[in-house]
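Novice: sequence unknown, structure follows:
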């Protein structure tokens, strides 16, 4: 019974499950099973059945999609405490993106059939899930607005600061991956990073970006956005 107990402690600290109450959290914890992924191992691919909800205990998961020509786009990076797969869990339709482990990763999994049984017994869990979906829609809307309206300097600064808040100041991501993440060319991203490096705001090494002064990046992004608005 140690695994359900330990998982319940994790769920109580997770915003998705906060406020459900100890009894509901314990019931969810009993449904979960653990899964380990090695770096580069695939959790699921676009088009796979949506038959489970996942919570990251430790590690990192990259959510990505691609085109027939081979172009890849990173949609999100998920770390400890993040919950994902809830849309496919609810409607049962195929996955809309790939999920791949970036580093050694441990997940908790809840199967769709078990979760629906729980929703029938506990409507409060269904209500919280609806709230989470609304939060995700708002996040996606902000991402679309960011890509469409903000200049590269602002998009890149926002992304670096957000990633550093989630995963620490040392970001193990290549410039090519970062370029895909913000919807720009690698050359443009490199020029901006080199500019910030000369100012002492970031340090650059192979497949690693160290964010030294996130407040400077935020101010820089605000200035660039203001310049855009004044044009």
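Specialist: Yep, it's here. In this text, all values refer to a predicted model and were calculated from it rather than measured experimentally. Numbering: from 1, shown residues only.
Novice: What helices and strands are in contact with the longest helix that the chain contains?
Specialist: Across the chain, the longest stretch assigned as helix under DSSP state H is helix 123-149. Packing partners of helix 123-149 (3 or more Cβ pairs under 8 Å, 6 or more residues apart in numbering; DSSP states H and E): helix 22-31, helix 86-91, helix 112-121, helix 152-167. C-beta: built from backbone N, CA, C; applies to glycine.
Novice: Give me the domain ranges for the protein.
Specialist: Using the TED database, the domains assigned to the chain come out as 7-136, 152-225.
Novice: wait, which of these is closest to residue 142?
Specialist: Residue 142 lies closest, by Cβ to Cβ, to one member of those: domain 152-225, at 9.6 Å.
Novice: now the helices and strands packed on helix 123-149 as JSON lines including mean neighbour count?
Specialist: Listed next are the helices and strands packed on helix 123-149 as JSON lines, based on neighbours: other Cβ atoms under 10 Å:
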{"stretch": "helix 22-31", "mean neighbour count": "17"}
{"stretch": "helix 86-91", "mean neighbour count": "17"}
{"stretch": "helix 112-121", "mean neighbour count": "14"}
{"stretch": "helix 152-167", "mean neighbour count": "20"}
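Novice: In CSV: the ones you listed, plus distance to residue 194 and mean pLDDT.
Specialist: Supplementary listing: the helices and strands packed on helix 123-149 in CSV, determined by distance: least, Cβ to Cβ, whole Å; pLDDT from 0 to 100:
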stretch, distance to residue 194, mean pLDDT
helix 22-31, 47, 82
helix 86-91, 39, 74
helix 112-121, 47, 88
helix 152-167, 12, 84
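Novice: And those helices: which comes nearest residue 46?
Specialist: helix 86-91 (10.7 Å).
Novice: Need the contact partners of the closest one.
Specialist: Helix 86-91 is contacted by residues 49-53, 94-96, 110, 112, 115, 129, 132-133, 136 when judged by Cβ atoms under 8 Å, 6 or more residues apart in numbering.
Novice: now, among the residues you listed, which is nearest to residue 186?
Specialist: residue 96 (25.8 Å).
Novice: hang on, isn't the closest one packed against residue 65?
Specialist: Yes - assessed by Cβ atoms under 8 Å, residue 96 is found in contact with residue 65 at 7.3 Å.
Novice: related to what we said a few turns ago, most neighbours, which of the contacts of helix 86-91?
Specialist: Among these, residue 53 has the most neighbours (other Cβ atoms under 10 Å), with 25 neighbours.
Novice: Turn the domains of the chain into JSON lines, columns for distance to residue 142.
Specialist: What follows is the domains of the chain, written out as JSON lines (distance: least, Cβ to Cβ, whole Å):
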{"stretch": "domain 7-136", "distance to residue 142": "11"}
{"stretch": "domain 152-225", "distance to residue 142": "10"}
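Novice: Which residue, other than its chain neighbours, is closest to residue 163?
Specialist: Spatial nearest neighbour of residue 163, chain neighbours left out: residue 171 (5.3 Å); criterion: Cβ to Cβ, 6 or more residues apart in numbering.
Novice: how far away is that neighbour from residue 207?
Specialist: Residue 171 sits 9 Å away from residue 207, going by Cβ to Cβ, to the nearest Å.
Novice: so what's the spatially closest residue to residue 169 that is not a sequence neighbour bridging to?
Specialist: The shortest distance from residue 169 to any non-neighbouring residue, by Cβ to Cβ, 6+ apart, is to residue 211 (4.6 Å). Legend: beta-bridge partners of residue 211 under DSSP bridges are residue 202.
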